[in-house]
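Student: Sequence and computational prediction follow.
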Amino acid sequence: MSGIKKKKKLAMVIFSGDLDRLMAAFIIATGAAASGMEVSMFFTFWGLRALKKKALTGRSFLGKMMGIMERGDISKASPSKYSFGGLGRWMFGKMIRAKNVSTLYELRKMAIDLGVKLYGCHMSMKVLEIPREKMIDEINACVGVGFFIEKAQESDVHFFI
Amino acid sequence: MSGIKKKKKLAMVIFSGDLDRLMAAFIIATGAAASGMEVSMFFTFWGLRALKKKALTGRSFLGKMMGIMERGDISKASPSKYSFGGLGRWMFGKMIRAKNVSTLYELRKMAIDLGVKLYGCHMSMKVLEIPREKMIDEINACVGVGFFIEKAQESDVHFFI
Amino acid sequence: MSGIKKKKKLAMVIFSGDLDRLMAAFIIATGAAASGMEVSMFFTFWGLRALKKKALTGRSFLGKMMGIMERGDISKASPSKYSFGGLGRWMFGKMIRAKNVSTLYELRKMAIDLGVKLYGCHMSMKVLEIPREKMIDEINACVGVGFFIEKAQESDVHFFI
């Protein structure tokens, strides 16, 4: 009877912390939200990085590595390939700036503005020792796998990125 | 009333340009098409490589890297792991030839023959500077994220590879 | 009429052999099974490693590499990132032990106990030369892509990991 079509739902697991995969995730999320879908993103493992506030990163090798793991935020995420001493990030960033594609921060902002729900994986936060206050305020909730499974069951489209 | 079962649909995002992941993607795609599913593959980021025509690749380190990024085609794609100076590709290729598993080119040909729809991501083509004429003629269309989201919503099975 | 809700089904392709991705896969699988979903995991390519019995691994470079490819089992799987000469595994393992998160073996055991179906990809077993007897007894079947596509079509949630 009703002419109202039920909104389709998209549930994404964001496992990767690579710049390019995070970009793909946010492009899909914002595109889906702009098309009227209800979008939930679950950030787990390295993907949690995408929810961190801007932060400084150590310079020494171990410091840098620890920084990536402990304090890294999305401005430090490198493409999953071609990251020869940062060259990959530089090239990719250059290409992206040159073509005027939105950056990751802008994409995250856009996702929030479009009502995309952002969830942090509680267990990963504990394991990677990322306290809630180091993450952006716009996170909807820090949840467990049970919450995610429930959301996944009521969703129509799923991706693991 | 009708005994005709609606065809199930598979929508895949092919993000990776790694030989092994591309093989897995085409094996799933051809298997699904052979089982009567309607299959759409969306090639984005590094995955676009799988839609390129054969091409020569530079030999120097930077040339090789640039070649991979700018001119690389699927014969140059290396497995995502174990690519110690090409050793990974050699070993994997050897194993595959030895066991007579179809190669990537053959899998792509098979996908096309089985009616799998191939779509290139328009934005990635711009960012990676891959013009349409460097890509195979069999691509169905170069599309944006909106087109993909629409296809995803009417599909039953989804993968991000 | 019936108040019985049909069980939702989850079908996962486990392509990766990386410790962190395998952990994520088993955490999702056990979480879904615990929530009452019917879960099928299809292990293909490097993911097959997760179904192997414990095994020794060679020490030399090539031996180690071959060991990873030919004899590697999940205790040798390294996180997909930060595996600087094993440091990544050590750090990740340390973090995990420190926080008392279940290890991969425990997660696999839990999945089996919860009734998660484990399938090995027959073609990958041939290509990677992994005989059935080197794999755990609890595998439900070694199957081809057609079997997987059928399962995927009757499933509600899908992931490629």
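Tutor: Alright, I've got the coordinates.

Student: Just the C-alphas of stretch A:105-120, formatted as CSV.
Tutor: This file holds the C-alpha atoms of stretch A:105-120, laid out as CSV (Å, rounded to 0.1, in the frame of the first residue of the first chain):
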residue,chain,number,x,y,z
TYR,A,105,39.8,14.3,6.9
GLU,A,106,37.3,15.9,4.6
LEU,A,107,35.7,12.6,3.8
ARG,A,108,35.4,11.8,7.5
LYS,A,109,33.8,15.2,8.1
MET,A,110,31.5,14.6,5.2
ALA,A,111,30.5,11.2,6.5
ILE,A,112,29.6,12.7,9.9
ASP,A,113,27.6,15.5,8.3
LEU,A,114,25.7,12.9,6.2
GLY,A,115,24.7,11.0,9.4
VAL,A,116,27.0,8.0,8.9
LYS,A,117,27.2,6.1,12.3
LEU,A,118,30.8,5.6,13.5
TYR,A,119,31.5,2.8,16.0
GLY,A,120,34.8,2.0,17.7
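
Student: most residues in a single helix of chain A, which one?
Tutor: Ranked by residue count and defined by DSSP state H, the top helix of chain A is helix A:19-34.

Student: all helices of chain A, in order?
Tutor: Counting by DSSP H, the helices of chain A are A:19-34, A:61-66, A:87-99, A:104-113, A:122-127, A:145-153.

Student: Compare the mean pLDDT across the ones you listed and name the weakest.
Tutor: Between these, the lowest average pLDDT goes to helix A:61-66, which shows a mean of 36.

Student: Would you agree A:G17 is in contact with A:T44?
Tutor: No. Between A:G17 and A:T44 there is no contact under C-beta atoms under 8 Å: 10.3 Å. Bear in mind the C-beta positions are built from the backbone N, C-alpha and C, glycine included.

Student: So for these two, which residue has more residues nearby?
Tutor: A:T44 (28 against 25; other C-beta atoms under 10 Å in any protein chain shown).

Student: For the closest residue to that one other than its chain neighbours, grab the count of nearby residues.
Tutor: Distances taken as C-beta to C-beta, 6 or more residues apart in numbering or on different chains put A:C121 closest to A:T44, at 3.7 Å, once the chain neighbours are dropped. By the measure other C-beta under 10 Å, the count of residues near A:C121 is 27.

Student: gap between A:D18 and chain B?
Tutor: Distance of A:D18 to chain B, given as C-beta to the nearest C-beta, to the nearest Å: 10 Å.

Student: that older thread, which elements pack onto the longest helix of chain A?
Tutor: strand A:9-14, strand A:38-43, helix A:87-99, helix A:104-113, strand A:157-160, helix B:145-153 (3 or more C-beta pairs under 8 Å, 6 or more residues apart in numbering or on different chains; DSSP states H and E).

Student: List just the one of these that sits closest to C:K151.
Tutor: strand A:157-160 (15.3 Å; C-beta to C-beta).

Student: for the closest one, which positions count as buried?
Tutor: By neighbour count on 16 or more other C-beta atoms under 10 Å in any protein chain shown, the buried set for strand A:157-160 is A:V157, A:H158, A:F159, A:F160.

Student: near chain C, which of the residues you listed show up?
Tutor: A:H158, A:F159, A:F160 (C-beta under 8 Å from any C-beta of the partner chain).

Student: of those, closest to chain C?
Tutor: A:F160 (4.1 Å; C-beta to the nearest C-beta).

Student: Leaving out sequence neighbours, find the closest residue to the residue in chain A positioned nearest to chain B.
Tutor: Closest contact between chain A and chain B, by C-beta to the nearest C-beta, is at A:G31 (3.5 Å). Leaving aside its chain neighbours, A:G31 sits nearest to B:V145 (3.5 Å; criterion: C-beta to C-beta, 6+ apart).

Student: What is the burial count for the one you found?
Tutor: If we define neighbours as other C-beta under 10 Å, then B:V145 has 22 of them.

Student: for the one 5 residues further on, same thing?
Tutor: When neighbours are defined as other C-beta under 10 Å, B:E150 has 14 of them.

Student: got it, and A:T103?
Tutor: 17.

Student: just A:D113 next, same as before
Tutor: Neighbours around A:D113, by other C-beta under 10 Å: 11.

Student: Equivalent analysis for the one 4 residues further on, please.
Tutor: With neighbours defined by other C-beta under 10 Å, the count for A:K117 comes to 19.

Student: so it touches A:I139, yeah?
Tutor: No. When contacts are counted by C-beta under 8 Å, A:K117 is not listed as touching A:I139 (9.2 Å).

Student: Show me what residue of chain A gets nearest to chain C.
Tutor: Using C-beta to the nearest C-beta, the closest approach of chain A to chain C is made by A:V145 at 3.5 Å.

Student: For that residue, list the residues it contacts.
Tutor: By C-beta atoms under 8 Å, 6 or more residues apart in numbering or on different chains, the contact list for A:V145 reads A:C121, A:M123, C:I27, C:I28, C:G31.

Student: let's go with 10 Å and repeat that
Tutor: A:42, A:44, A:121-123, A:152, C:24, C:27-32, C:34-35 (C-beta atoms under 10 Å, 6 or more residues apart in numbering or on different chains).

Student: Same check on A:G115?
Tutor: A:A33, A:E38, A:V39.

Student: Mind pulling up the pLDDT for the residue lying closest to A:S124 once chain neighbours are set aside?
Tutor: For A:S124, ignoring the flanking residues on the chain, the nearest one in space by C-beta to C-beta, 6+ apart is A:T44 at 4.9 Å. Looking at A:T44, its pLDDT stands at 95.

Student: for A:K52, same thing?
Tutor: 89.

Student: hang on, it packs against A:I136?
Tutor: Yes. When contacts are counted by C-beta atoms under 10 Å, A:K52 is listed as touching A:I136 (7.2 Å).

Student: Of those two, which one has the most company?
Tutor: Ranked by neighbour count (other C-beta under 10 Å), A:K52 and A:I136 place A:K52 first, with 20 against 16.

Student: Tell me the spacing between that one and B:S35.
Tutor: For A:K52, the distance to B:S35 equals 43 Å [C-beta to C-beta, to the nearest Å].

Student: can you check A:V13 too?
Tutor: A:V13 is 26 Å from B:S35, by C-beta to C-beta.

Student: So these two - more neighbours on which side?
Tutor: Taking neighbours as other C-beta under 10 Å, A:V13 and B:S35 compare with A:V13 leading, 26 against 18.

Student: which ones are touching that one?
Tutor: Per C-beta under 10 Å, 6+ apart, neighbours of A:V13: A:25, A:40-45, A:47, A:119, A:121, A:148, A:152, A:158-161, B:160, C:24, C:28, C:159, C:161.

Student: 6 Å instead?
Tutor: A:F42, A:F160 (C-beta atoms under 6 Å, 6 or more residues apart in numbering or on different chains).

Student: per-residue pLDDT, it?
Tutor: 98.

Student: Likewise for the one 3 residues further on?
Tutor: A:S16 carries a pLDDT value of 93.

Student: tally of neighbours for it?
Tutor: So A:S16, with other C-beta under 10 Å, has 26 neighbours.

Student: One more: A:A34?
Tutor: There are 16 residues near A:A34, going by other C-beta under 10 Å.

Student: No more questions from me, cheers.
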